[in-house]
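Q: here is my input; please provide its structure:
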Amino acid sequence: MLRILCLLICMVVGPVFAQQPNDLFHTEVQLTGSEKAESIAKQDGLVNVLIKVSGKTDIAQNEVIKKALTQSERYVTQMSFVEYDDAPRTMKLGYNSKMVLNLLTQAEQSIWETPRKSVLVWVVNDYNFQRSIIWEQSNNSLIRRIKDAANERGLPVMFPVGDFDDVTSIEVPDLWGNFKKPIADASERYNPQAILVVKVSGNSSTWTLFDTTPQYLVNASKKPLEGRVSGSVQLADMVNEVSDYFAKTYTKNLGAVASDSETISIQGIHTTRAFFNIEKQLKQMNSVASVQINTIQGDKVTYTLSLLGDYQQFNDEFLSKNARISLIPEAPVVNDEIEKMAITEGASQDVVQESEKLLEDNDALVESEEAKEAKSVIHEYQLSAS
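A: Numbers count the residues shown, from 1 in each chain. Okay, here's the model as predicted:
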């Protein structure tokens, strides 16, 4: 009875087709024979993730990103190793999504918005003077190459399975001629947000991207995007061009202010040369993403720093790179027990209890104020004359 019920539900709902799963914050990297293979893999993995999230293949050229790559292990949350029979040992890596997005914010980079459009890919292969549609179930190398390239760019793709409905709903000339009506009708059952038609002829391919759903394809006023690629990596090039289009068209600005920031002040800056030298040094530090000057009062300059690590990492790097810089110790905190002794000494029991209650209330108030002002703490430094 249960089987019959499940069958009836499937008949009513219709078939469900899964697009290729694509986790933007996970990647695989082949290990090299270097002694620092794991460290290199973590850097390469972070670049892979940043490319997928941002949609930009040149993201590693950004100066802030370059600094972050020197401490890429901070972003790793998962790590495992995989052995393949026909390939080098591989490291599987997962990265902290919040930290990656914050890094892109610090680098003032936009991202390719999510959820991303699912793309149905129709592939026609012209081989030995015969043209045929390549179906998902064929496990053809053309399908695998497109899938691999799409996974590297974070492009959600799916392929027609090649069942009876597919075979009877569309023919090769329909796809080769980019005829919208039959393409829309055959694609509708997969419910994609975009349709990509790929025509492979030996060492070259042409492709047409319809950036619309099947329901609106026939009457769409928007012109399709077309391209031609050739060479041994032609399908990867095609995926890159399609991904670049989506990343530029559907971009999201993360904003220009990062959350991991600290305020510091430096006393003893008496000359213009010292002012610019300190600013240059701060900007070049690996733990600093950006520097903003807040105030200049006499020989004291206050900065807001967007940090790639925590404050302690910054402090250690700052002090080690400039022997003339020293940290000014914070003011000592009054001991609560001494306060209580001073108040309660020689007092009556009622006065003692009331005093203790007032101190407890005051402690709670202080803790509340400290929580509010935690982010407004200014770390003070002194620049010596020599």
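Q: for the stretch 101-250 of the chain, what spans make up the helices?
A: Under the criterion DSSP state H, counting those that start in this stretch, the stretch 101-250 of the chain contains helices at 141-153, 164-169, 172-176, 180-187, 214-217, 234-249.
Q: and of those, who's closest to Phe275?
A: Among those, the nearest to Phe275 by Cβ to Cβ is helix 234-249 (39.6 Å). C-beta: built from backbone N, CA, C; applies to glycine.
Q: okay, the angle between that closest one and helix 141-153?
A: 40 degrees (axes from the mean of the first three to the mean of the last three Cα atoms, to 10 degrees).
Q: which SSE is immediately downstream of helix 234-249?
A: strand 251-252 (DSSP states H and E).
Q: now for that next one, which elements pack on it?
A: If you count contacts as 3 or more Cβ pairs under 8 Å, 6 or more residues apart in numbering; DSSP states H and E, strand 251-252 packs onto strand 111-112.
Q: in its sheet, what does the strand it packs on sit against?
A: The pairing partners recorded for strand 111-112 under DSSP bridges are strand 251-252 (antiparallel).
Q: quick one: the partner strand to chain centroid distance?
A: The chain centroid and the centroid of strand 251-252 are separated by 12 Å under Cα atoms, centre = their mean, to the nearest Å.
Q: average pLDDT for it?
A: Across strand 251-252, pLDDT averages out at 92.
Q: moving C-terminal of that strand, what's the next helix or strand?
A: Using DSSP H and E, the next helix or strand after strand 251-252 towards the C-terminus is strand 261-267.
Q: what comes up buried for whichever helix or strand comes after that following strand?
A: Of the helices and strands lying after strand 261-267 in sequence (DSSP H and E), the nearest is helix 272-284. Residues 274-275, 278, 282 are the ones in helix 272-284 that count as buried (16 or more other Cβ atoms under 10 Å).
Q: likewise stretch 240-259?
A: Under the neighbour-count criterion of 16+ other Cβ under 10 Å, stretch 240-259 has 240, 242-243, 245-247, 254, 258 buried.
Q: list the contacts of that stretch.
A: 54-57, 101-102, 104-106, 108-113, 116-117, 119, 149-150, 153-155, 196, 207, 209, 211, 225, 227, 229, 289-290, 306 (Cβ atoms under 8 Å, 6 or more residues apart in numbering).
Q: what about 6 Å?
A: 55, 102, 104-106, 108, 110-113, 153, 155, 209, 225, 227, 306 (Cβ atoms under 6 Å, 6 or more residues apart in numbering).
Q: of all the residues you listed, which two lie farthest apart?
A: Maximum pairwise distance among the contacts of stretch 240-259 (Cβ to Cβ): 38.6 Å, between Gly227 and Ser306.
Q: quick one: which of these two has more around it?
A: Legend: neighbour count by other Cβ atoms under 10 Å for Gly227 and Ser306, higher for Ser306 (22 against 14).
Q: what pLDDT does the more buried one get?
A: pLDDT, read off for Ser306, is 89.
Q: which SS state does the most centrally placed residue in the chain fall under?
A: In the chain, the residue lying closest to the centroid (Cα atoms, centre = their mean) is Val53, at 4.1 Å. Following DSSP: H, G, I helix; E, B strand; the rest coil, we place Val53 in the helix state.
Q: could you verify that Gln313 is part of a helix?
A: Yes - counting by three-state DSSP, Gln313 is part of a helix.
Q: doesn't Val288 make contact with it?
A: No - contact status for Gln313 versus Val288: not in contact, 9.9 Å apart, counting by Cβ atoms under 6 Å.
Q: more neighbours, those two?
A: Val288 (24 against 17).
Q: separation between the closest residue to Asp185 other than its chain neighbours and Pro160?
A: Excluding its sequence neighbours, the residue lying closest to Asp185 (Cβ to Cβ, 6 or more residues apart in numbering) is Ser169, at 6.1 Å. Applying Cβ to Cβ, to the nearest Å, the value for Ser169 to Pro160 is 9 Å.
Q: give me the more crowded residue out of those two.
A: Pro160 (24 against 16).
Q: so who does that one touch?
A: For Pro160, the contacting residues are Asp166, by Cβ under 6 Å, 6+ apart.
Q: got it, and Arg153?
A: Going by Cβ under 6 Å, 6+ apart, Arg153 touches Ser243.
Q: touching, Thr302 and Asn294? I think so.
A: Yes - in this structure Thr302 lies within contact range of Asn294 using Cβ under 6 Å: 4.3 Å.
Q: brilliant, that's me finished.
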